[in-house]
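Participant: Next come a sequence and a model predicted from it.
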Amino acid sequence: MCRNIHTLHNFEPRATSAEVEAAALQYVRKISGTTKPSKANEEAFAEAVDEIAHITQHLLDSLVTHAPARNRDEEAAKARARAAVRFGTA
């Protein structure tokens, strides 16, 4: 379930609110053990996603680094290369 949570810090351009929301959703899905909550738990689930997205954005805004910003396309290419080696599709 958590394969969609990616590093969001130190990229140019910065992480979008949609990326932060997607990471929060994946996190809540993982810890709750469900991808879709029951009607009784929908409100708590949605509230948790909103709160985690908010605090995640706050964290990203507060982090400081002296390293140069990473390029999303280059990092994605590196990840594909690692997967190719790992799964033998190289």
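Facilitator: In hand now; what should we look at?
Participant: And the longest helix anywhere in the chain, what's buried?
Facilitator: Taking DSSP state H as the criterion, the chain has its longest helix at helix 42-62. Neighbour counts over helix 42-62 (16 or more other CB atoms under 10 Å) mark 45, 48-49, 52-53, 56-57, 60 as buried. Where you see a C-beta, it was placed from the backbone N, CA and C, and this is true even at glycine.
Participant: Break down this structure into its strands, ranges please.
Facilitator: Ranges of strands in the chain, per DSSP state E, are 11-12, 70-71.
Participant: between those, which gets nearest to residue 85?
Facilitator: strand 70-71 (20.4 Å; CB to CB).
Participant: Who are the packing partners of the closest one?
Facilitator: strand 11-12 (3 or more CB pairs under 8 Å, 6 or more residues apart in numbering; DSSP states H and E).
Participant: Tell me which strands the strand it packs on pairs with, and in which orientation.
Facilitator: Using DSSP bridges, the strands paired with strand 11-12 in its sheet are strand 70-71 (parallel).
Participant: What are the contacting residues of the partner strand?
Facilitator: For strand 70-71, contacts defined as CB atoms under 8 Å, 6 or more residues apart in numbering pick out 10-12.
Participant: mind redoing it with 10 Å?
Facilitator: With contact meaning CB atoms under 10 Å, 6 or more residues apart in numbering, strand 70-71 is reached by 7, 9-12, 77-78.
Participant: Check those residues for burial and list the buried ones.
Facilitator: residue 11.
Participant: which one of the contacts of strand 70-71 sits closest to residue 22?
Facilitator: Nearest to residue 22 among the contacts of strand 70-71, with distances taken as CB to CB, is residue 7, at 13.1 Å.
Participant: I figured that closest one was touching residue 63, is that so?
Facilitator: No. Contact criterion CB atoms under 10 Å: residue 7 and residue 63 do not qualify, at 11.2 Å.
Participant: before we move on, back to that, out of the contacts of strand 70-71, which comes closest to residue 67?
Facilitator: Comparing the contacts of strand 70-71 against residue 67 with CB to CB places residue 10 closest, at 6.2 Å.
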